[in-house]
Structure formats: structure tokens, C-alpha cells
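Trainee: quick one: sequence plus predicted model below, questions after.
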Amino acid sequence: MAVSHARRPADPDAPNDPEVEAAFAVAPATVVAEILAGELHTMPRPRLRHARTATRLVRRLAVFDDEPGEPGGWVLLLEPELHVGPKPDKLVPDIAGWRREHLPAHVFDLDAPGHVSIAPDWVCEVLSDRTERIDRTTKMGIYRRERVRNVWLVSPLLETLEVYHHDGDRWTLLDTFEGDAVVRAEPFDAIEVSLASLWAR
């Protein structure tokens, strides 16, 4: 029988249920573990098509993460672990982005924690049958509370991109793109992104 080794330290100061925190701390690397609204959620690692879509999207947006350069100005991370809110919620978006001035350089120090406690400016969730409900409900609620400025919901199955903007206390759907459209989407509308490149196998 395989032993599951802890891949993250437990947080003894978190007001989440201690049993939930303990289970989160020892979740194996073969699953994605999240604490959302005080409840532990685990799911298998993303399917390869899901992961490929996320990787291709980051490649298309890489010009924003280049320094120096234009348009630049961002830090983009695949599957960062976020600890946000009072309990805190511990969640793993498929991709997250921070404007460079909002993310201090010390978060990348070798002795820094393995998570980020600063809410991103942009999040992308790649939808699947296993994650879509929670991505659209609980996680979108957390992102709204934390005032994430933009959320993209990408569906490899339907070949769609939904672009949301946080406007006060609610989400506004700015646009839905599909198929092989070539789009400019907030906040990365300085460049065009070919959606066909995201769906290619």
C-alpha cells in the first residue's frame, strides 16, 4: 500500500476545521486539493486535453510575462496554490495572473511558502465535466469576493471562451467567443489570440 506524503505544511493558525486542514495537508500529489468555503474538495489531476489547452493559452499570453518588453507587465503562473480570505480558502486555478506591481518579488524566494496569499488580477479556469459546476459557482464567488478583476472560462469540449469582468459586487459577461475565432479579450486585448490554437491536439 502506497504512503501519501504531505506535499504542503498544515496551517495551525487557520480557522478552518482542523480535520479539513489535516486532510488537505496530506492530499497526495496525484490529486488537486482545495478548501472552498471550509470544505475539502479533491479531484484527479486534469486530463491531458485540459492541461494542453491551459499550456497553449499560457504560451499565447507569454508576451505579457516577458521582461523587458511590450506589452509585458504581468506574472503568469500555471496552477498556483492560492490562500485567500479569512479562513482562508485554498484553491488552485488553472492559470492566474498578477500585474507585476501587485506581486512582490519575495514570493519567489527559495524559502517563501508554496502558496500565494495575494489575490490575482486575472484567473482562467479550464472547464471539464468534473470541475465546471464548482468553477462556475463556489470559485467564481470566491474570486468575486477577492475582487479578481477578470475571469476567463475556457471549455475545450464546447470550444468556447467566456470573458468576465468584476464590476462592483457582480460579474459582467463581456463576451463569449467560440470555435476558430481570433479574439482580443480583456485584460490581454493588446494582442490577438487564435482560439483554434487552443483546441488543436
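Mentor: Received it, and whenever you're ready, just let me know what you need.
Trainee: so Glu79 makes contact with Pro93?
Mentor: Yes: in terms of Cβ atoms under 8 Å, Glu79 counts as a neighbour of Pro93; the distance is 7.3 Å. (Each C-beta comes from the backbone N, C-alpha and C, glycine too.)
Trainee: so which of the two has more stuff around it?
Mentor: Between Glu79 and Pro93, counted using other Cβ atoms under 10 Å, the more crowded position is Pro93 (25 against 14).
Trainee: the more buried one in helix, strand or coil?
Mentor: Assigned with DSSP: H, G, I helix; E, B strand; the rest coil, Pro93 falls in the coil class.
Trainee: for it, which non-adjacent residue is spatially closest?
Mentor: Val123 (4.6 Å; Cβ to Cβ, 6 or more residues apart in numbering).
Trainee: tally of neighbours for that neighbour?
Mentor: Number of residues near Val123 (other Cβ under 10 Å) recorded here: 27.
Trainee: look up how far Glu79 lies from it.
Mentor: Look at Val123 and Glu79: by Cβ to Cβ, to the nearest Å, they are 11 Å apart.
Trainee: quickly list what's touching both of those two.
Mentor: Shared contacts of Val123 and Glu79, defined by Cβ atoms under 8 Å, 6 or more residues apart in numbering, comprise Pro93, Ile95.
Trainee: what's the neighbour count on Gly179?
Mentor: Applying other Cβ under 10 Å, we find 10 residues neighbouring Gly179.
Trainee: ok, now which ones touch it?
Mentor: Neighbouring residues of Gly179 by Cβ under 8 Å, 6+ apart: Glu159, Leu195, Ala196.
Trainee: one more time with 6 Å, if that's ok
Mentor: The contact partners of Gly179, by Cβ atoms under 6 Å, 6 or more residues apart in numbering, come to Glu159.
Trainee: pLDDT score assigned to it?
Mentor: Per-residue confidence for Gly179 comes out at a pLDDT of 97.
Trainee: let me see the backbone angles for it.
Mentor: phi 60, psi -130 (degrees, to the nearest 10).
Trainee: cool, Arg130 as well?
Mentor: Arg130 has phi and psi values of phi -90, psi -20 when expressed as degrees, to the nearest 10.
Trainee: can you start the count at 128 instead of 1 from here on
Mentor: Sure, I'll start counting at 128 from here, so that last one is Arg257.
Trainee: ok, how many other residues are close to it?
Mentor: 14.
Trainee: with adjacent residues omitted, what lies nearest to it?
Mentor: Take Arg257 and drop its neighbours on the chain: the residue closest to it by Cβ to Cβ, 6+ apart is Met170, 5.5 Å away.
Trainee: sweet, I'm off.
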